[in-house]
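**Q** No sequence on hand, only this structure:
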């Protein structure tokens with residue numbers, strides 16, 4: 001294991017412009033460098049490298065990160081391997097540290113599991129190619145399905161012989177622990193027979209090529225056994241996070257900025273054989289959020305290919321709202337009736353198939369609209385249900401502009417007034433927000449910021465009126481922390497901008513709605529903070545979500561021109577430059593944030609006032625009015641400092 005000090009040395013030495021410059025041609029543009037993104041096809045450069053922040057971001061596909069992340073993504077290698085590669089580049093000697101006995105044991109176990117899976121994959125493959133029964137049964141079957149030998153070898157297809165214990169005997173001969181073989185699901189629960197018998201074997205691999213699981217397809221129709229049986233979930237295999245064929249598809253997905261999702265293993269193989277390599281399938285399970293998150297690392301354009309089976313399509317539609325909520329470009333491709341990707345690809349030339357996939361891709365919302373319209377005919381009740389279903393899907397789309405466009409199009413197609421669709425969509429959006437807020441226990445968060453005059457018994461407020469999401473102030477505050485954290489608020493005082501904001505925000509930190517903003521701000525408000533909370537800290541120490549959030553926050557496709565003052569003959573004599581304006585920026589960001597949160601409390605307290613009036617509760621009304629006046633005073637004091645006037 002690499003010592004932390006060695007990792008830090010590499011992090012400190014690695015310059016983003018030098019690392020990326022080894023792979024791409026970069027051109028200077030202002031303070032940044034630009035080039036064509038290596039992760040997707042583009043004619044106009046949108047890949048920005050910021051030497052000042054030591055990060056990169058593509059404004060086309062969204063890929064972003066630090067120097068080590070770039071090497072990991074570009075070369076498809078692990079973090080330790082990327083560290084070693086950059087250490088060699090910068091001539092840094094890496095120190096290794098001794099692992100604990102427990103860590104060694106765990107690492108050894110995982111290595112053994114991967115090793116057994118690799119042996120098993122190679123064993124099944126040899127059984128098919130190197131034995132008479134394998135060639136006559138397994139190989140003949142897959143060839144009769146129309147697959148070429150090069151494609152069969154590409155996917156490492158194998159054959160599990162009909163004998164009850166042949167794999168077990170082979171593992172014993174290699175001195176593999178049978179307990180590990182059993183834990184991988186390669187033998188029965190009692191460990192007395194092979195799990196896969198007389199089946200075609202599809203190995204399942206990680207993106208780095210490691211074998212993690214298997215699927216076995218029966219070749220005859222004489223028994224009542226399932227068509228497919230799959231490895232169970234194990235220490236190395238979690239099917240909700242695995243996509244079949246991604247190890248072979250990832251480069252093509254990045255290059256074409258598009259992924260096709262199909263249902264079956266042979267569908268993936270058939271499309272590869274036809275020259276369509278940017279295709280994956282779920283691994284014996286329905287699509288999950290983790291699957292979408294994995295694909296979004298490569299592309300946001302996701303196209304589903306469906307068999308021409310009406311029942312199957314309707315079932316699949318039910319899971320698409322989850323995909324929509326992940327902010328992707330979702331399209332559907334419907335094959336002719338009676339066809340699946342395997343059969344259809346073999347009935348067309350490669351050129352015809354590519355053209356079909358391109359021409360038939362239809363936006364999901366419009367696809368769903370057309371499908372449901374065909375079923376409703378002229379039935380008013382069915383049409384009402386159809387509109388509700390469409391509205392629920394549109395509400396899942398995070399981008400309000402996209403929602404508005406879809407509402408316009410659906411209004412034209414369904415002949416339902418646009419205003420009605422807007423109203424129903426807004427209700428659905430508010431409902432989703434309410435459900436999410438309820439899950440996050442918003443009521444408890446509100447309690448922490450009630451003024452001292454509020455009696456304990458009055459602190460519970462019904463969260464019956466969801467507050468519209470507005471994160472501008474939160475992001476502005478975090479941007480100030482990341483930009484000016486270590487700068488002094490006053491040249492003559494030791495207080496830093498970070499300390500000033502942290503000291504003044506502790507009482508409202510639970511009001512932060514954006515989870516990444518909240519996590520970052522909480523790091524600054526912790527006592528006895530030893531680490532320097534700069535941009536590098538959050539990029540290297542934060543989760544993938546925090547890292548992406550921080551980079552998005554700190555990068556822009558636009559720049560402040562270095563020659564602006566000269567060209568405009570304006571020298572901003574009385575106004576500090578943006579990077580020197582930390583005092584005013586910090587105070588304004590803090591005031592805006594707190595004023596907004598107080599505004600939320602004012603709205604909530606209005607509900608209490610109305611409730612007291614409706615129930616003729618005079619004492620409660622008196623308390624609520626006092627609270628409201630206190631809140632108004634607090635907000636107005638802040639807004640006066642901001643130079644803002646609020647009426648009502």
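**A** It's in. Because the structure is a prediction, the values reported are computed rather than measured.

**Q** show me the contacts for residue 303.
**A** Taking Cβ atoms under 8 Å, 6 or more residues apart in numbering, we find residue 303 in contact with 258-261, 330-333, 357, 361. From N, CA and C alone the C-beta is placed, and that goes for glycine too.

**Q** Identify the farthest-apart pair in those residues.
**A** 330 and 357 (15.1 Å; Cβ to Cβ).

**Q** how would you label residue 225: helix, strand or coil?
**A** Under DSSP: H, G, I helix; E, B strand; the rest coil, residue 225 falls in the coil class.

**Q** okay, the closest residue to it other than its chain neighbours: pLDDT?
**A** By the measure of Cβ to Cβ, 6 or more residues apart in numbering, the closest residue to residue 225 outside its immediate chain neighbours is residue 218, 5.8 Å from it. The model reports residue 218 with a pLDDT of 93.

**Q** Any idea what residue 218 is bridged to?
**A** residue 199 (DSSP bridges).

**Q** surely it meets residue 227?
**A** Yes. Between residue 218 and residue 227 there is a contact at 6.0 Å, judged by Cβ atoms under 8 Å.

**Q** picking that back up, which residues are in contact with the residue nearest to residue 225?
**A** By Cβ under 8 Å, 6+ apart, the residues touching residue 218 are 198-200, 225-228.

**Q** Return a PyMOL selection command for the buried portion of the residues you listed.
**A** Selection of buried members from these for PyMOL, criterion 16 or more other Cβ atoms under 10 Å:
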select buried, resi 198+199+200
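
**Q** which one in the contacts of residue 218 is the model shakiest on?
**A** residue 225 (85).

**Q** pLDDT averaged over stretch 432-442, what's the number?
**A** Rounded mean pLDDT across stretch 432-442 is 63.

**Q** thinking again about what came up before, include distance to residue 246 when you put the contacts of residue 218 into a markdown table, please.
**A** Listed next are the contacts of residue 218 as a markdown table, based on distance: Cβ to Cβ, whole Å:
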| residue | distance to residue 246 |
| --- | --- |
| 198 | 28 |
| 199 | 23 |
| 200 | 21 |
| 225 | 28 |
| 226 | 24 |
| 227 | 23 |
| 228 | 19 |
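
**Q** Quick check: chain neighbours aside, which residue is closest to residue 62?
**A** Nearest non-adjacent residue to residue 62, counting by Cβ to Cβ, 6+ apart: residue 300, 6.7 Å away.

**Q** So what's the gap between stretch 187-206 and the chain middle?
**A** Mean C-alpha position of stretch 187-206 versus that of the full chain (Cα atoms, centre = their mean, to the nearest Å) differs by 32 Å.

**Q** buried stuff in it?
**A** Under the neighbour-count criterion of 16+ other Cβ under 10 Å, stretch 187-206 has 187, 194-206 buried.

**Q** Validate this expectation: residue 303 resides in a helix.
**A** No. Counting by three-state DSSP, residue 303 is not part of a helix but strand.

**Q** Report the secondary structure state of the nearest residue to it once chain neighbours are set aside.
**A** Of all residues not flanking residue 303 in the chain, residue 331 sits nearest, at 4.6 Å (Cβ to Cβ, 6+ apart). Taken by three-state DSSP, the conformation at residue 331 corresponds to strand.

**Q** Can you read off the pLDDT for residue 331?
**A** At residue 331, pLDDT is 95.

**Q** about what we covered before: from the contacts of residue 303, list the buried ones, please.
**A** 258-261, 330-333, 357, 361.

**Q** With distance to residue 547 added, can I get the residues you listed in JSON lines?
**A** Below are the buried ones among the contacts of residue 303 laid out as JSON lines (distance: Cβ to Cβ, whole Å):
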{"residue": "258", "distance to residue 547": "25"}
{"residue": "259", "distance to residue 547": "22"}
{"residue": "260", "distance to residue 547": "28"}
{"residue": "261", "distance to residue 547": "26"}
{"residue": "330", "distance to residue 547": "25"}
{"residue": "331", "distance to residue 547": "29"}
{"residue": "332", "distance to residue 547": "32"}
{"residue": "333", "distance to residue 547": "33"}
{"residue": "357", "distance to residue 547": "34"}
{"residue": "361", "distance to residue 547": "32"}
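
**Q** List just the nearest of the residues you listed to residue 501.
**A** residue 330 (39.4 Å).

**Q** got a list of what the closest one touches?
**A** Counting by Cβ under 8 Å, 6+ apart, residue 330 makes contact with 302-304, 320, 323-324, 363-364.

**Q** close enough to count as contact, the residue nearest to residue 303 and residue 306?
**A** No. Using Cβ under 8 Å, residue 331 makes no contact with residue 306, being 11.2 Å away.

**Q** next SSE after the worst-scoring helix or strand of the chain on mean pLDDT?
**A** Among the helices and strands of the chain, helix 442-447 carries the lowest confidence by mean pLDDT, DSSP states H and E, at a mean of 42. Using DSSP states H and E, the next helix or strand after helix 442-447 towards the C-terminus is helix 472-484.

**Q** Next, count neighbours for the closest residue to residue 287 other than its chain neighbours.
**A** Distances taken as Cβ to Cβ, 6+ apart put residue 319 closest to residue 287, at 5.8 Å, once the chain neighbours are dropped. By the criterion of other Cβ atoms under 10 Å, residue 319 has 12 neighbours.

**Q** now do residue 243
**A** 24.

**Q** Not counting its neighbours along the chain, what's nearest it?
**A** residue 280 (4.2 Å).

**Q** Regarding the one you found, what is its secondary structure?
**A** Under three-state DSSP, residue 280 falls in the strand class.

**Q** ok, now how distant is it from residue 6?
**A** Per Cβ to Cβ, to the nearest Å, residue 280 is found 36 Å from residue 6.

**Q** Please say which of these two ends up with more neighbours.
**A** Using other Cβ under 10 Å as the criterion, residue 280 and residue 6 rank with residue 280 on top: 27 against 18.

**Q** my guess is that one contacts residue 252, does it?
**A** No. Between residue 280 and residue 252 there is no contact, the gap being 10.4 Å when judged by Cβ under 8 Å.

**Q** hey, what's in contact with both of these two?
**A** Shared contacts of residue 280 and residue 252, defined by Cβ under 8 Å, 6+ apart, are absent.

**Q** Just the buried positions in the strand or helix carrying residue 168, please.
**A** Assigned by DSSP H and E, residue 168 belongs to helix 166-173. Residues of helix 166-173 classed as buried by neighbour count (16+ other Cβ under 10 Å): 166-168, 170-171.

**Q** And it, what does it pack against?
**A** Judged by 3 or more Cβ pairs under 8 Å, 6 or more residues apart in numbering; DSSP states H and E, helix 166-173 is in contact with helix 101-130, helix 178-183.

**Q** Just give the nearest non-adjacent residue to residue 63, would you?
**A** Spatially, and ignoring its direct neighbours in sequence, residue 63 is nearest to residue 39 (4.7 Å; Cβ to Cβ, 6+ apart).

**Q** Neighbours of the one you found, how many?
**A** 22.

**Q** Now do the SS call for it.
**A** The three-state assignment at residue 39 reads coil, by three-state DSSP.

**Q** Tell me who's in contact with it.
**A** Here residue 39 is in contact with 58, 61, 63, 73-74, 254, 298 (criterion: Cβ under 8 Å, 6+ apart).

**Q** Quick check: what element follows the helix or strand harbouring residue 255 along the chain?
**A** For residue 255, the host element (DSSP H and E) is helix 246-256. Going down the chain from helix 246-256, the next helix or strand is strand 259-262, by DSSP H and E.

**Q** Show the average pLDDT along that following strand.
**A** 96.

**Q** Same question for stretch 71-81.
**A** 86.

**Q** one step back: list the buried residues of the helix holding residue 255.
**A** By 16+ other Cβ under 10 Å, the buried positions in helix 246-256 come out as 246-250, 252-256.

**Q** One more: stretch 505-524?
**A** 505, 508-513, 516-521, 523-524.

**Q** same deal with stretch 304-316?
**A** Neighbour count says stretch 304-316 has 304-307, 309, 313, 316 buried, by 16+ other Cβ under 10 Å.

**Q** Thanks a lot, catch you later.
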